[in-house]
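K.L.:
When you get a sec, could you give me coordinates for this:
(one chain, ligands or ions: 1)
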Amino acid sequence: PSAQRALEVRDLHAWYGESHVLHGMAFDVREGEVVTLLGRNGAGKTTTLKSIMGIVRQRQGEILFGGQNLVSLSSNKIARMGIALCPEERAIFASLNVRENLLLPPEVREGGMRLETIFELFPNLAERLASQGTKLSGGEQQMLAIARILRTGARFLLLDEPTEGLAPVIVQQIGRTIRRLKSEGFTIVLVEQNFRFAATVADRHFIVEHGQVVDMIPNDEIGHRQDTLHEYLGV
Ligand code: ATP
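P.N.:
Take a look at the predicted model:
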């Protein structure tokens, strides 16, 4: 990754109604880098992704991207700047088949990934084009959800626990996809509970506790810092 920053989050606060859940979140992502947000359930990882995307709208602080502070922008505007979120619940259309799901998202920018490239990246999807969303396995649904955000042309991806509940062989496949996207210059923020998986794809890890980043571990130090990591994650 280059030294240039793609995103910088500074002193970010977010609320759900009266409930204050991000308390000065801060981290940065360089162009072409993969970083993870690691932490226990309820630490505020998903809220951070949703705040960047403008889905959580009660937010304050700085989310600097492309020379602008995203805190004052709507999620539509943010999407048009080339950021896309793949939510934990894998927002695909259950009643539509794979092809229809891929053709549905509006291409919000030029340069949305072509179907041929998507099928090269996800050969399983190519074989399941006529299958309805509900008939897909968890892994296939996850791949379809990632494929859909690639169709938007976004180059900055927010992935919320893409490996959750998936079999090890599918997790490996998702890992290969993420490394391939990185090699093609995408910048990725990944929320994970599975730090073993995180270590196979990421450059740096930010540890999230109580709505803040409490530590940063470069991936090449993760081996020495297993104990700290276990403590943070409670595993
Ligand atoms: P998880 O892996 O469980 O999603 P997380 O680190 O992503 O954990 P968040 O989902 O961001 O955590 O949740 C942070 C806090 O905000 C938690 O205390 C959670 O209960 C609360 N919270 C999350 N979503 C809402 C909501 N829609 N309304 C109110 N409180 C919420």
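K.L.:
So for the lengthiest helix in the chain, mean pLDDT?
P.N.:
Assignment by DSSP state H gives helix 168-183 as the longest helix of the chain. For helix 168-183, mean pLDDT is 93.
K.L.:
Please identify the buried residues of that helix?
P.N.:
Ile170, Val171, Gln173, Ile174, Gly175, Thr177, Ile178, Leu181, Lys182 (16 or more other C-beta atoms under 10 Å). Using the backbone N, CA and C atoms, a C-beta is placed for each residue, glycine as well.
K.L.:
contacting residues around the next helix or strand after that helix?
P.N.:
Per DSSP states H and E, the first helix or strand lying C-terminal to helix 168-183 is strand 187-192. Outside strand 187-192, the residues that touch it by C-beta atoms under 8 Å, 6 or more residues apart in numbering are 6-7, 29-38, 45-46, 48-49, 52, 88, 155-163, 178, 181-182, 198, 201-202.
K.L.:
which ones among those are found in helices?
P.N.:
Counting by DSSP H, the part of those found in helices is Lys45, Thr46, Thr48, Leu49, Ile52, Ile178, Leu181, Lys182, Ala198, Val201.
K.L.:
Export those residues as CSV, with columns for distance to the ligand.
P.N.:
Listed next are those as CSV, based on distance: C-beta to the nearest ligand atom, whole Å:
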residue, distance to the ligand
Lys45, 4
Thr46, 3
Thr48, 7
Leu49, 8
Ile52, 12
Ile178, 18
Leu181, 22
Lys182, 23
Ala198, 13
Val201, 18
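K.L.:
Count the residues that sit near the closest residue to Gly175 other than its chain neighbours.
P.N.:
With C-beta to C-beta, 6 or more residues apart in numbering as the criterion, Gly175 has its nearest non-adjacent residue at 5.1 Å, and that residue is Thr200. Residues contacting Thr200 under the criterion other C-beta atoms under 10 Å number 15.
K.L.:
swap in Met25?
P.N.:
Neighbour tally, Met25, other C-beta under 10 Å: 27.
K.L.:
Find the nearest non-adjacent residue to it, please.
P.N.:
Leu12 (4.1 Å).
K.L.:
How about the residues of this structure by the ligand?
P.N.:
Counting by C-beta under 6 Å from any ligand atom, the chain comes close to the ligand at Tyr16, Ser19, Val21, Gly39, Asn41, Gly42, Ala43, Gly44, Lys45, Thr46, Thr47.
K.L.:
Pull out the buried members of these.
P.N.:
Buried among the residues of the chain next to the ligand (16+ other C-beta under 10 Å): Val21, Gly39, Ala43, Gly44, Lys45, Thr46, Thr47.
K.L.:
Any chance of a markdown table for those residues, columns pLDDT?
P.N.:
Converted to a markdown table, these look like this (pLDDT from 0 to 100):
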| residue | pLDDT |
| --- | --- |
| Val21 | 98 |
| Gly39 | 94 |
| Ala43 | 96 |
| Gly44 | 97 |
| Lys45 | 97 |
| Thr46 | 97 |
| Thr47 | 98 |
